[in-house]
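Asker: Task: produce atomic coordinates for the following.
(chains A and B)
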Amino acid sequence: MKLEFLLEHLPMMMRATIVTIQLTLVTLVASTVFAIPLAIVRMREYTFGARMVAWYSALMRAVPTLVLLFFVYYGLPQIGVVIPAFVTALVGLSLSAIAYNLEIIRSGLMAVDRGQIEAARALGVPGWRIWWNIAIPQAVPVMVPTYLSNATLVLKGTSVASIITIPELTAVANEIVSETYRPFEILLGATAIYIVLGGVLTLAAQVASRQWQAK
Amino acid sequence: MTYLPKSAFGLLLAAAALASQPAGAQTPPYASKLAVSSTITIATTGNAPPISVAQADGSISGFDVELCETIASALGLKTSLVRVDFAATIPGLKAGRFDMICSATARTPQRLSSPDLWMTEPTLQNFSTLITRATDRSITSVEVPKGKKIGTVRGGQEAKLISETFGNDVELVTYPGIAEEILDLKNGRIDAIAINYITASYYVRANPELKVLKSGFVKEGISPYDHALAVSRAQPELLEAVNAEIAKLKASGAIEKLEKKWISVD
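Answerer: Below is the predicted model:
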């Protein structure tokens, strides 16, 4: 092993890491923002909206992100829709992350005892307080571990963006390998970076669940 | 890693090679070091037509592929084609996954002096040039105006050529393969593709909305250049055997015939 190959290319890999972090954060934020209302809609079973969301979630979880990105990036231009690479990656990654997140949020909300909510309603507690003081504090600790484990999947999933020309960590690592022919050192470096990023997410999960449980 | 385990491993390999050689048999020394015994495992992309081209039925063919098959059968070996992205060919060769690369590899000074592989004698002449949209009048020579986006294949030699020629004046966009960059050029996300002339001519014939620049890049050691096959660095004897076959095929006119069969440029 010759670490100088890795050290020499580290600045390049750090720039790519920033792209990976951007993709991960924007995908996580966008997918969560969209997933919350969709999860609530999905909970009202037997309505048209709930059925649509259920279909969406089943469909998006079934399609590999790779196929989705390829379709949006190389397929849609055939019918005249040309979206820039970074936007394509965000849309593609978010579409599938929304599907997972909405199921996670829904299962968290379902874990809250219905009786409590009905009792609160009977006592005349306002709707927003039912959410804020009863449902959310109980739902969040349930969903945080799954949500964060899904977040690490989102982080790793950003590597798929390499096929649509985005210079994220996996793409750049492969590029360096193809120039230096040193897969061992370079990929070890990339792995270490992914582990650190994943570690940050896990840490965030622990802090967040402790915070919510303290309430 | 230190040299000790490496040389010890080499000794082991040599010992294994000796041990596996039946007394009196005419087994060439490279045979025991092949990735799969009595088979030459070949990496190719199928994505550099007409040198390496994937057919409609999924099989791979092309100038380099047919050349390699001819050489293998002359050496009494079976061929096993493995389709990989270009960027994976040389690392895979180095890792001992393949014995040879038959995929329009350029015989660059950098690769010739690389301690990771052997380049064979030249097989084809070629040069790097650009493909643009036929309607695009802003690029008429390889002196590309500032701010243009140029596509290259990850791991190919053109990325280096473009960044050395233009620096930050143009934006380099990297793709897994040629088919993807052709699509994106047609889609308008990039303005040109840096590519070899033979493959460019092939694509432009099938895509009248594209054009190829007939006078390409001239840069010492990069373009014009020769194509060659690449052989595992652990197999100097295989390199010799392949080179001997290439010389024979050149002398007999077989290479010229292959060139006529596969390659047509304007």
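Asker: what element comes up after the helix-or-strand element of chain B with minimal mean pLDDT heading to the C-terminus?
Answerer: Here the helix or strand of chain B ranked lowest by mean pLDDT, DSSP states H and E is helix B:3-20, holding a mean of 49. On the C-terminal side of helix B:3-20, the nearest following helix or strand under DSSP states H and E is strand B:39-44.
Asker: Name the residues of that next one that are buried.
Answerer: B:Ile40, B:Thr41, B:Ile42, B:Ala43, B:Thr44 (16 or more other Cβ atoms under 10 Å in any protein chain shown). All C-beta atoms are positioned from the backbone trio N, CA, C, and that covers glycine.
Asker: tell me, how many neighbours does the residue nearest to B:Arg233 when sequence neighbours are not counted end up with?
Answerer: Once flanking residues are discounted, B:Arg233 sits nearest to B:Leu117: 5.3 Å by Cβ to Cβ, 6 or more residues apart in numbering or on different chains. If you count neighbours by other Cβ atoms under 10 Å in any protein chain shown, B:Leu117 ends up with 22.
Asker: Return the residues in contact with B:Leu117.
Answerer: Applying Cβ atoms under 8 Å, 6 or more residues apart in numbering or on different chains to B:Leu117 gives the contacts A:Tyr181, B:Ile90, B:Leu93, B:Lys94, B:Ile101, B:Arg111, B:Ala230, B:Val231, B:Ser232, B:Arg233.
Asker: Out of these, which two are the most distant from each other?
Answerer: A:Tyr181 and B:Val231 (14.4 Å; Cβ to Cβ).
Asker: Can you tell me the closest non-neighbouring residue to residue 54?
Answerer: Let's take chain A. Spatially, and ignoring its direct neighbours in sequence, A:Ala54 is nearest to A:Arg42 (6.2 Å; Cβ to Cβ, 6+ apart).
Asker: That was the other one, I meant chain B.
Answerer: Closest residue to B:Ala54 apart from its sequence neighbours, by Cβ to Cβ, 6+ apart: B:Gly46 at 3.5 Å.
Asker: Per-residue confidence at that neighbour, what does it come out as?
Answerer: Per-residue confidence at B:Gly46 stands at 91 (pLDDT).
Asker: circling back: what about A:Tyr181 and B:Val231, which has more around it?
Answerer: Neighbour totals were compared for A:Tyr181 and B:Val231, and B:Val231 leads with 26 against 21 (other Cβ under 10 Å).
Asker: which ones are touching residue 104?
Answerer: No chain specified, so I'll use chain A. By Cβ under 8 Å, 6+ apart, A:Ile104 lies in contact with A:Ala35, A:Met143, A:Thr146, A:Tyr147, A:Asn150.
Asker: The chain in question should be chain B.
Answerer: By Cβ under 8 Å, 6+ apart, the neighbours of B:Ala104 are B:Thr45, B:Ala48, B:Ile51, B:Ser52, B:Asp64, B:Asn196, B:Ile198, B:Thr199, B:His227.
Asker: Next: B:Glu180.
Answerer: B:Glu180 is in contact with A:Tyr74, A:Ile163, counting by Cβ under 8 Å, 6+ apart.
Asker: Phi, psi for it please.
Answerer: Backbone torsions for B:Glu180, taken as degrees, to the nearest 10, come to phi -70, psi -40.
Asker: for B:Ala228, same thing?
Answerer: According to degrees, to the nearest 10, B:Ala228 has phi -150, psi 170.
Asker: How much space separates the nearest residue to B:Leu34 once chain neighbours are set aside from chain A?
Answerer: Residue nearest to B:Leu34 in three dimensions, not counting chain neighbours: B:Asp99, with 5.4 Å by Cβ to Cβ, 6+ apart. To chain A, B:Asp99 is 16 Å away according to Cβ to the nearest Cβ, to the nearest Å.
Asker: Can I have the buried ones of the contacts of B:Leu117 as a PyMOL selection?
Answerer: The buried residues among the contacts of B:Leu117 can be selected in PyMOL (16+ other Cβ under 10 Å) with this line:
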select buried, (chain A and resi 181) or (chain B and resi 90+93+94+101+111+230+231+232)
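Asker: Between its first and last residues, how far does stretch B:134-146 reach?
Answerer: Stretch B:134-146 has an end-to-end distance of 19 Å (Cα to Cα, to the nearest Å).
Asker: same check, this time on stretch B:91-105
Answerer: Stretch B:91-105 end-to-end distance (Cα to Cα) = 13 Å.
Asker: And it, what's buried?
Answerer: For stretch B:91-105, by 16+ other Cβ under 10 Å, it's B:91-94, B:97-105.
Asker: ok, back up a step: contacting residues for the residue nearest to A:Ala54?
Answerer: By Cβ under 8 Å, 6+ apart, the neighbours of A:Arg42 are A:Ala50, A:Val53, A:Ala54, A:Ser57, A:Leu102, A:Arg106.
Asker: repeat that with 6 Å
Answerer: A:Ala50, A:Val53, A:Arg106 (Cβ atoms under 6 Å, 6 or more residues apart in numbering or on different chains).
Asker: Likewise for A:Ser209?
Answerer: Taking Cβ under 6 Å, 6+ apart as the test, what A:Ser209 contacts is A:Pro141, A:Val144.
Asker: Which segments of chain B make up each domain?
Answerer: Following automatic domain parsing, one finds the domains of chain B at B:31-125+B:227-262, B:128-212.
Asker: Figure out which of those is closest to A:Leu188.
Answerer: That would be domain B:31-125+B:227-262 among the domains of chain B, by Cβ to Cβ, at 13.6 Å.
Asker: Straight-line length of the closest one, end to end?
Answerer: Domain B:31-125+B:227-262 end-to-end distance (Cα to Cα) = 30 Å.
Asker: I'm done for today, thanks for sticking with me.
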